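*Asks:* take a look and give me a structure for this.
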Amino acid sequence: MRKSERPRRIFDRFKEVATEAGLLNARGVRVLDSTPVLSAVQTQDTVSLIRGAIRRLLTLLAKTEPDARSAIEATLGRDDYSSAGKPAIDWDDEHARAALVDELVRDGLAALGILEGVELSGDVADAAELLATVAGQDVESDDDGNFSIRRGVAKDRVVSVVDPDARHGRKSRHGHFDGYKVHVAIDPDTELVTELEVTPANVNDAEPIDVLLAEIDDRDDDADGVVMVLGDSAYGSGGTRQALQQRGVDLVAKAPPEQNTHGGFPKSAFDIDIEAKTAKCPAGAMATTAVARSNGAIWLQFPAATCNACNLKESCTSSSQGRSITIGPHESLLADARAFQRTAEFKAIYNSKRPTVERVIYRIVRNGGRKARYRGRVKVSEQLRTKASAENLARMLRLGLAWTAETGWSVA
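*Replies:* This is a model prediction of the structure:
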């Protein structure tokens, strides 16, 4: 099915049946969310990653480019890449571990140097690219040119050469995981999955929103379509609000919380005039400096002398230079959103429809769906889309789906 012209045909066919039976809400309200899917393979450390990438490249070259493999093997500092497992060193010896990392990185770079200018294709090209990635993502060189493992974690770190699509991710400040995210859009009235997308675990929840809401652009100008989208604060940024607003869709989502790294009064405590690019602080002082940023934001600075003499300074800022605030490019949208989420209307809509997506996600990941059964994003996508199709069918049957020759698909 993956290699066919319609690899999604099972999922899409069930959506067509749901539409014919009238089970997809004509008003097109959608609720969005995501959940972790754990990788099918073990997360690897730096030594295993580089060593595994070199071994994979040598194995593939033996089948397609034996001369290139021989040239690489002649330049390698280590001769144990034919054996599985970690090298036999004294792992309690810090200097031995450091020397091993240096040797592996040098061997990886040497292999890539041999292949420079060689036309590669298919799996060999992918293996060379993977080696280049893992040989550089975790290491740094000192003044003497020695390679060692750097502190911290690379932003887009590959966690396994066996499943190079998997990534580090987090669902909360303390909830870390390795693998993927499955992003879903559902109809809250029927609890049917209308779209699903699998991404590496480090992708922001709102990033695949265009894929999840592709039906927005499929609707006719005079027909009802997706008119409201609900989500948690991950979907509530100003940029997302503006993009959906321009497409004629209302977003019901909590705005990201206001942040002030130094504590003190939040931005909402200031009387801000976006058009005039001015702001009045809680004590009544006006900002005297306004600087436009390249991203469309405006930086406002209050006079240092006024702030330092103010009785409210301890509740506002610790800076001797005075308080400053930044007006973001979507400040008015976020201000309106924060005001709306305090209303009874917002709470009624959000509290009645938002929880439905949690139930649907539970159905998708139960009975082993939380862990990937396959390697690679494409295969994991197939696994979860098939599971969602089965859950959609079960849900439609519970709602009374039936077929007759006279009426076709309908709800009994």
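*Asks:* alpha carbons only for contacts and neighbour counts from here, please
*Replies:* Fine.
*Asks:* in the helix or strand encompassing Gly108, which residues are buried?
*Replies:* Assigned by DSSP states H and E, Gly108 falls within helix 94-115. Of all the residues in helix 94-115, those buried under the rule 16 or more other CA atoms under 10 Å are 97, 100-112, 115.
*Asks:* so what touches it?
*Replies:* Contacting residues not belonging to helix 94-115 are listed as 47, 50-51, 54, 68, 71-72, 75-78, 89-91, 128, 131-132, 135-136, 146-149 [CA atoms under 8 Å, 6 or more residues apart in numbering].
*Asks:* what about those, which are in helices?
*Replies:* Among the contacts of helix 94-115, the members falling in helices are 47, 50-51, 54, 68, 71-72, 75, 128, 131-132, 135-136 (criterion: DSSP state H).
*Asks:* drop anything exposed from these.
*Replies:* Buried positions within the ones in helices among the contacts of helix 94-115, assessed by neighbour count (16+ other CA under 10 Å), are 47, 50-51, 54, 68, 72, 128, 131-132, 135-136.
*Asks:* the chain - how does it break down into domains?
*Replies:* As assigned by automatic domain parsing, the chain contains the domains 9-40+169-254+341-411, 46-149, 267-330.
*Asks:* quick one: closest of those domains to Val161.
*Replies:* Nearest to Val161 among these is domain 46-149; the distance by CA to CA comes to 6.0 Å.
*Asks:* starting at the chain centroid, how far to the closest one?
*Replies:* Its chain's C-alpha centre lies 29 Å from the corresponding centre of domain 46-149 when counted by CA atoms, centre = their mean, to the nearest Å.
*Asks:* quote the end-to-end distance of that domain.
*Replies:* Domain 46-149 stretches 8 Å from its first residue to its last (CA to CA, to the nearest Å).
*Asks:* out of the buried ones among the ones in helices among the contacts of helix 94-115, what pair is the most spread apart?
*Replies:* Val47 and Ala68 (23.7 Å).
*Asks:* counting by contacts, list what the strand ranked longest in the chain packs against.
*Replies:* Of all segments of type strand in the chain, defined using DSSP state E, the longest is strand 176-187. For strand 176-187, the helices and strands in contact under the criterion 3 or more CA pairs under 8 Å, 6 or more residues apart in numbering; DSSP states H and E are strand 29-38, strand 167-170, strand 192-200, helix 209-212, helix 356-365.
*Asks:* thinking again about what came up before, would you list the ones in helices among the contacts of helix 94-115 in CSV and tack on distance to Leu230 and pLDDT?
*Replies:* Rendered in CSV, the data for the ones in helices among the contacts of helix 94-115 read as follows (distance: CA to CA, whole Å; pLDDT from 0 to 100):
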residue, distance to Leu230, pLDDT
Val47, 44, 92
Ile50, 43, 93
Arg51, 46, 93
Ile54, 46, 94
Ala68, 55, 92
Ala71, 57, 93
Ile72, 55, 94
Thr75, 57, 93
Ala128, 43, 93
Leu131, 41, 93
Ala132, 41, 93
Ala135, 42, 90
Gly136, 40, 88
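*Asks:* I appreciate the help and will end here.
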